[in-house]
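Colleague: Predicted model and sequence follow; I will ask about them next.
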Amino acid sequence: MPLDAVLDLIAVFVFALTGGIVASRAQLDIVGFLFLGCLTGVGGGTLRDLLLGRAPVFWVASPHYMGVACAAAMLTFFTAHRLESRYNAILWLDALALPVAVAAGVGIARDSGASWPIVLIMGVATGTFGGLMRDVVANEIPLVLRQGDLYVSACLAGALTSVLLLHLLPAHETLSLMSASGVTFLLRAGSLQFGWR
Amino acid sequence: MPLDAVLDLIAVFVFALTGGIVASRAQLDIVGFLFLGCLTGVGGGTLRDLLLGRAPVFWVASPHYMGVACAAAMLTFFTAHRLESRYNAILWLDALALPVAVAAGVGIARDSGASWPIVLIMGVATGTFGGLMRDVVANEIPLVLRQGDLYVSACLAGALTSVLLLHLLPAHETLSLMSASGVTFLLRAGSLQFGWR
Amino acid sequence: MPLDAVLDLIAVFVFALTGGIVASRAQLDIVGFLFLGCLTGVGGGTLRDLLLGRAPVFWVASPHYMGVACAAAMLTFFTAHRLESRYNAILWLDALALPVAVAAGVGIARDSGASWPIVLIMGVATGTFGGLMRDVVANEIPLVLRQGDLYVSACLAGALTSVLLLHLLPAHETLSLMSASGVTFLLRAGSLQFGWR
């Protein structure tokens, strides 16, 4: 299994967890958990694949992604009500999923032969779009738009790091993807924990 | 004309009727009727085709779908104001279009060689997405989200029935699509008439 | 560079200016300017390309479109606050971008071999969709929906003119695209200036 696909799989799982916890906050039934979990899990990657012209989209080509998203949604259905602060769990799980999804977006855009500005955009889109749809559908204030937070900027900085690194060290693709994740997580977590902006 | 295409055509017509009646409730002009009619008529099938990678989408490939949607919108433009309850007409026409669209989604996903979880999802997406966009654009409460109604669950049950039947009786494709419609309609109508949930 | 591509480039630039000015009204930071500028600039053409099955979409295939959109967004970042009435600037720049985007949509749909109803729809979609997303994301009242304005109708009339002209004078593609722009602009500007409806 190539690294891109592993990153996509992890991002789908963790984003689906956040979708499920948002469903729990909105007191939806089990179909609502599955719907929000799947939407959040695969939303960013779906937009990326449509724009890049990868047809069919990744989760239609390999249905186990949907299985993983449904498993995450079921997990939250049985456990989310026990969380002390569901909102904090959403914030931090989202901060974990974001960097992985950015790296997946960067890696897949690069493999499809896109030029570097498109690689940047696909990194940001893969990272942010699933969570944006989750928040819009559930009528929460989108994390993307919260004033004074690093969110899109964290994704952009991560994707940019990866593009620069690969230009300097073309043989180290894995290192460049890991750096994208590292920088994105560092900035996002710093913004949540210490109020960086 | 294959069965899938006939189902798509019927679903487009009936969904476009509901879009026109919603336009009538919102007191739009004739361009608004055409816009909402077309959006509702082809919305679900368009999402399905984009995700499956069927390019171009069905109504670009065969423009008579748009003709049918426009005809339905014009029909409502001249008649919808005479309806006793436009909201009831929307509810029940939507309940008629839903099962046909689910069957069309299931049939087309299967013909494109998708695996069974994807067939399920495409059935639900084809059934629900046009009506969801209609309600969002017109600022009505989405039927998909009304509390205590069977809507997504009815679509899911119909699509599941069809997948199971085709596994047991692989030679009877038509029967399996008809069952998808039957189960979806039964559950949705029962939910509207008797409050099933 | 073919005429279609030049029209797309101009439409992207002018629409991105409107996106930037909307970002200025909403007091967003620089990432917000870039985001709204790019979204507005390429939104309509992206929908057109996805529906027509042109993969990947135009700005992924030629990244200089994104460069132009970012340049327009940066330009507004440094100048928009000096405008006397930003809302008027949005109205009139939008009225300039609209006719160019309609012509680009008509030209590209025709080149892809679409039938005339689809050419009409793609003209209208390319013209209206970027501005619609700009207004929805920024929580402004969508120009598309303002009561008593010619907007979708102006696009439709322009696209229709072009289709008719090319049917009568099949050798004059450039003339037909220019007419689409002319008619759209005339109706839209007349609606803004003199209240035509």
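Modeller: Sure thing, it's come through. Residues are numbered from 1 along each chain as shown, chains lettered A, B, ... in the order given.
Colleague: CA only for contacts and neighbour counts going forward, please
Modeller: Will do.
Colleague: how close does the residue in chain A positioned nearest to chain C sit to residue A:108?
Modeller: The minimum distance from chain A to chain C, using Cα to the nearest Cα, falls at residue A:53 (4.3 Å). According to Cα to Cα, to the nearest Å, residue A:53 stands 12 Å off from residue A:108.
Colleague: Residue A:80 too?
Modeller: With distances taken as Cα to Cα, residue A:80 is found 32 Å from residue A:108.
Colleague: go on, residue A:127?
Modeller: Using Cα to Cα, one obtains 13 Å as the distance from residue A:127 to residue A:108.
Colleague: out of those two, which sits in the busier spot?
Modeller: Using other Cα atoms under 10 Å in any protein chain shown, the more surrounded residue of residue A:127 and residue A:108 is residue A:127, with 33 against 23.
Colleague: helix or strand for that one, which one?
Modeller: helix A:116-137 (DSSP states H and E).
Colleague: Now do that helix: which elements does it pack against?
Modeller: Contacts of helix A:116-137 with other secondary structure elements, assessed using 3 or more Cα pairs under 8 Å, 6 or more residues apart in numbering or on different chains; DSSP states H and E, are made with helix A:3-25, helix A:30-52, helix A:86-111, helix A:152-168.
Colleague: Mind listing what's buried along that helix?
Modeller: Along helix A:116-137, these residues count as buried under the neighbour rule (16 or more other Cα atoms under 10 Å in any protein chain shown): A:116-135.
Colleague: Repeat that for stretch A:73-80.
Modeller: When neighbours are counted by 16+ other Cα under 10 Å, the buried residues of stretch A:73-80 are found to be A:73-77, A:80.
Colleague: and the least confident of those residues?
Modeller: In terms of pLDDT, the weakest of the buried residues of stretch A:73-80 is residue A:80, which scores 93.
Colleague: these two touch, right, that residue and residue A:86?
Modeller: Yes. With the criterion set as Cα atoms under 8 Å, residue A:80 and residue A:86 qualify as a contacting pair; they are 7.1 Å apart.
Colleague: intersection of neighbour lists for these two?
Modeller: Residues touching both residue A:80 and residue A:86 by Cα atoms under 8 Å, 6 or more residues apart in numbering or on different chains: residue A:21.
Colleague: Near chain C, which residues of chain A? Just list them.
Modeller: For chain A, the residues found near chain C under the criterion Cα under 8 Å from any Cα of the partner chain are A:50-54, A:114-115, A:117-118, A:152-153.
Colleague: Show the buried residues in the residues you listed.
Modeller: Burial by neighbour count, 16+ other Cα under 10 Å: within those this picks out A:50-54, A:114, A:117-118, A:152-153.
Colleague: ok, which residues in chain A are in contact with chain B?
Modeller: Chain A has residues A:31, A:46, A:50, A:54-57, A:60-61, A:63, A:66 near chain B, with proximity defined as Cα under 8 Å from any Cα.
Colleague: And the residues you listed, which two are furthest apart?
Modeller: Using Cα to Cα, the pair of those lying farthest apart is A:31 and A:54, separated by 28.7 Å.
Colleague: sorry, back to before: which of the buried ones among the residues of chain A next to chain C sits closest to residue C:35?
Modeller: Closest approach to residue C:35 among these (Cα to Cα): residue A:152, at 9.5 Å.
Colleague: Go ahead and confirm the closest one touches residue A:144.
Modeller: Yes. Here residue A:152 lies in contact with residue A:144, judged by Cα under 8 Å, at a distance of 6.6 Å.
Colleague: Can you pull out the low-pLDDT segments for chain A?
Modeller: For chain A, no stretch has pLDDT under 70.
Colleague: who wins for proximity to residue B:190 among the helices and strands packed on helix A:116-137?
Modeller: Each of the helices and strands packed on helix A:116-137 was checked against residue B:190 via Cα to Cα, and the shortest separation belongs to helix A:30-52, namely 18.6 Å.
Colleague: Just after the closest one, pick out the following helix or strand.
Modeller: helix A:58-61.
Colleague: chain center to that following helix, what's the gap?
Modeller: From the chain centre to the centre of helix A:58-61 is a distance of 16 Å (Cα atoms, centre = their mean, to the nearest Å).
Colleague: any residues touching that helix, and which ones?
Modeller: Outside helix A:58-61, the residues within contact range by Cα under 8 Å, 6+ apart are A:42, A:45-46, A:49, A:65-66, B:51-52, B:114, B:118.
Colleague: how about a cut-off of 10 Å?
Modeller: Contacts of helix A:58-61 with the rest of the structure, by Cα atoms under 10 Å, 6 or more residues apart in numbering or on different chains, involve A:5, A:8-9, A:12, A:42, A:45-46, A:48-50, A:54-55, A:65-67, B:51-53, B:114-115, B:117-119, B:121-122.
Colleague: Show me what secondary structure element comes after that helix.
Modeller: Helices and strands here follow DSSP H and E; after helix A:58-61, the next one along the chain is helix A:64-79.
Colleague: now the angle from that next one to helix A:3-25?
Modeller: With axes from the mean of the first three to the mean of the last three Cα atoms, to 10 degrees as the criterion, the two stretches helix A:64-79 and helix A:3-25 enclose an angle of 30 degrees.
Colleague: re earlier: roughly how far out does the helix holding residue A:127 sit from the chain middle?
Modeller: Chain-centre distance of helix A:116-137: 8 Å, with Cα atoms, centre = their mean.
Colleague: likewise stretch A:95-110?
Modeller: Computed by Cα atoms, centre = their mean, the chain-centroid distance of stretch A:95-110 equals 7 Å.
Colleague: Could you export that stretch as CSV, CA atoms only?
Modeller: The C-alpha atoms that make up stretch A:95-110 are tabulated as CSV, following Å, rounded to 0.1, in the frame of the first residue of the first chain:
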residue,chain,number,x,y,z
ALA,A,95,-5.9,19.1,14.7
LEU,A,96,-4.6,15.5,14.4
ALA,A,97,-6.5,14.7,11.1
LEU,A,98,-5.6,18.0,9.5
PRO,A,99,-1.8,17.4,9.1
VAL,A,100,-2.3,13.9,7.8
ALA,A,101,-4.9,15.0,5.2
VAL,A,102,-2.6,17.8,4.1
ALA,A,103,0.2,15.4,3.5
ALA,A,104,-2.1,13.0,1.6
GLY,A,105,-3.3,15.8,-0.6
VAL,A,106,0.2,17.0,-1.3
GLY,A,107,1.4,13.5,-2.1
ILE,A,108,-1.5,12.6,-4.4
ALA,A,109,-1.4,15.9,-6.3
ARG,A,110,2.3,15.4,-6.8
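Colleague: if we can go back for a sec, intersection of neighbour lists for residue A:127 and residue A:108?
Modeller: In contact with both residue A:127 and residue A:108: A:45, A:48, using Cα under 10 Å, 6+ apart.
Colleague: looking at it, residue A:182 is touching residue A:101, isn't it?
Modeller: No. Residue A:182 lies out of contact with residue A:101 (Cα atoms under 10 Å); the separation is 11.8 Å.
Colleague: Between these two, which is the more surrounded one?
Modeller: With other Cα under 10 Å as the criterion, residue A:182 and residue A:101 differ in neighbour count, and residue A:101 comes out ahead with 34 against 18.
Colleague: tell me the contacts of the residue of chain A most remote from its centre?
Modeller: Ranking residues of chain A by C-alpha distance from their mean position (Cα atoms, centre = their mean) puts residue A:168 at the top, at 26.3 Å. Contact criterion Cα under 10 Å, 6+ apart gives A:162, A:176 as the residues in contact with residue A:168.
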